[in-house]
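Asks: missing the sequence, but the structure's below:
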């Protein structure tokens, strides 16, 4: 048992209870742990391993393969519940399910996968100890030559910085992870390779290196075609089209939207179809000034029963813009106040939503609420300030000048 292994290692190293307990545990608590009368937290287990000068894996024991499989099956069911379905206790439940087994894990896929999921849950719940466990899981996947899980771990590490909007650091982490994966895995599973390409393209766009991003994206698309795998093709096209819109490159935007539309129709992919609808509405408003037509299309999309919740705020924002340009200011204000930014982190997506305050400022100005308009316009400029220069950033500055008089 765990306590027996800790006591054995302590005696092998000729350490006293006081020496191992140190400053973070009491001698009495360590004695209870060694006698299997108390279970250490992951933080305490990490500390004990450090005091003993061993790896966490040296403290981990074994559990029956049947029990491991059953636990993993339950964990996967919880872990794979889509975010949109709502499950506020998802990661807490994963921790409670897996934690009793952590001290018993050894080698094999089930152990590595449970440790991987457990580490993710700890990090998301902001609990300590996840880094060392994730390192162990990554090493185990490397040893078993399972590139898909090892890739997922690398992307997870990168995403921590990405979700904090530290895009340069996220790219640095991803490239270091990719180099390590490619050095240790002679064969990388096709979907794992595409995951790496897609993540790399996302981050290259985020830091403004569009040339390298397009090169990476085109490489991924060519690889997909060669392997006859259509995984992530829609995401790649959406990303490229959104970036082209942000830079004002109409030719490139139209090219990728056409590709996405063809894919959406071929695969009957609802998300791709609505993305193209959204971009058509944006073009009607920003380029063609066909506000009534844009408004009609928005209403059709919003009334559709198959419109995913994720897209709703995007269409409501465009509705507010169309109403503003049609001079329907009260209706425009009511609409724009309903816009809630979805769970997004890429600067291209965020830039679009940060313009909400710019349009809100224009609407408020028309309604004679000048002070509120200036505040909203300033907020838009402040939100966009950390991002790279773009048409959206320029627009926010122009609006601030306009409402400030």
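Replies: Noted; the coordinates are in hand. None of these values were measured; they are calculated from a predicted model. Residues are numbered from 1 along each chain as shown.
Asks: check contacts around residue 277.
Replies: 297, 301 (C-beta atoms under 8 Å, 6 or more residues apart in numbering). (Each C-beta comes from the backbone N, C-alpha and C, glycine too.)
Asks: What count of nearby residues applies to residue 260?
Replies: 25 (other C-beta atoms under 10 Å).
Asks: Quick check: nearest residue in space to it, chain neighbours excluded?
Replies: Distance criterion C-beta to C-beta, 6 or more residues apart in numbering; nearest residue to residue 260, sequence neighbours excluded, is residue 237 at 3.9 Å.
Asks: Quick check: the gap between that neighbour and residue 72.
Replies: According to C-beta to C-beta, to the nearest Å, residue 237 and residue 72 sit 35 Å apart.
Asks: ok, the two, which is more surrounded?
Replies: The residue with more neighbours, out of residue 237 and residue 72, is residue 237; 25 against 20, by other C-beta under 10 Å.
Asks: Next up, identify which helix or strand that one is on.
Replies: Using DSSP states H and E, residue 237 maps to helix 233-247.
Asks: Which strands and helices lie in contact with that helix?
Replies: helix 190-206, helix 210-227, helix 250-267, helix 270-286, helix 347-366, helix 391-404 (3 or more C-beta pairs under 8 Å, 6 or more residues apart in numbering; DSSP states H and E).
Asks: which is the next helix or strand following the fourth one?
Replies: For helix 270-286, the succeeding helix or strand toward the C-terminus, using DSSP H and E, is helix 291-302.
Asks: now what about that following helix, what contacts it?
Replies: Looking at helix 291-302 with C-beta under 8 Å, 6+ apart, the contacting residues turn out to be 274, 277-278, 280-281, 284-285, 307, 311-312, 315-316, 318-319, 322-323, 325-326.
Asks: let's see 7 Å
Replies: 274, 277, 280-281, 284-285, 307, 315, 318-319, 322-323, 325-326 (C-beta atoms under 7 Å, 6 or more residues apart in numbering).
Asks: Whichever strand or helix holds residue 315 to helix 291-302, inter-axis angle?
Replies: Using DSSP H and E, residue 315 sits in helix 312-325. Interaxial angle, helix 312-325 versus helix 291-302 (axes from the mean of the first three to the mean of the last three C-alpha atoms, to 10 degrees): 160 degrees.
Asks: Against residue 132, how distant is residue 403?
Replies: In terms of C-beta to C-beta, residue 403 sits 52 Å off from residue 132.
Asks: which of those two has more neighbours?
Replies: Counted by other C-beta under 10 Å, residue 403 and residue 132 do not tie: residue 403 has more neighbours, with 21 against 18.
Asks: For the more buried one, which non-adjacent residue is spatially closest?
Replies: Distances taken as C-beta to C-beta, 6+ apart put residue 373 closest to residue 403, at 4.4 Å, once the chain neighbours are dropped.
Asks: Can you give me the neighbour number for that neighbour?
Replies: 24.
Asks: Equivalent analysis for residue 31, please.
Replies: If we define neighbours as other C-beta under 10 Å, then residue 31 has 16 of them.
Asks: How is the chain partitioned into domains?
Replies: Following the assignment in automatic domain parsing, the chain carries domains at 2-59, 244-338, 341-405.
Asks: which stretch among those domains comes nearest residue 158?
Replies: Closest approach to residue 158 among these is made by domain 341-405 (11.9 Å; C-beta to C-beta).
Asks: how long is that closest one from one end to the other?
Replies: Start and end residues of domain 341-405 are separated by 29 Å (C-alpha to C-alpha, to the nearest Å).
Asks: Just the mean pLDDT for it, thanks.
Replies: Across domain 341-405, the average pLDDT comes to 94.
Asks: From the chain's centroid, how far away is that domain?
Replies: A distance of 25 Å separates the centroid of the chain from that of domain 341-405, by C-alpha atoms, centre = their mean, to the nearest Å.
Asks: And stretch 314-331, by the same measure?
Replies: So, by C-alpha atoms, centre = their mean, the centroid of stretch 314-331 is 30 Å from its chain's centroid.
Asks: What residues sit buried inside that stretch?
Replies: 314-325, 328-329, 331 (16 or more other C-beta atoms under 10 Å).
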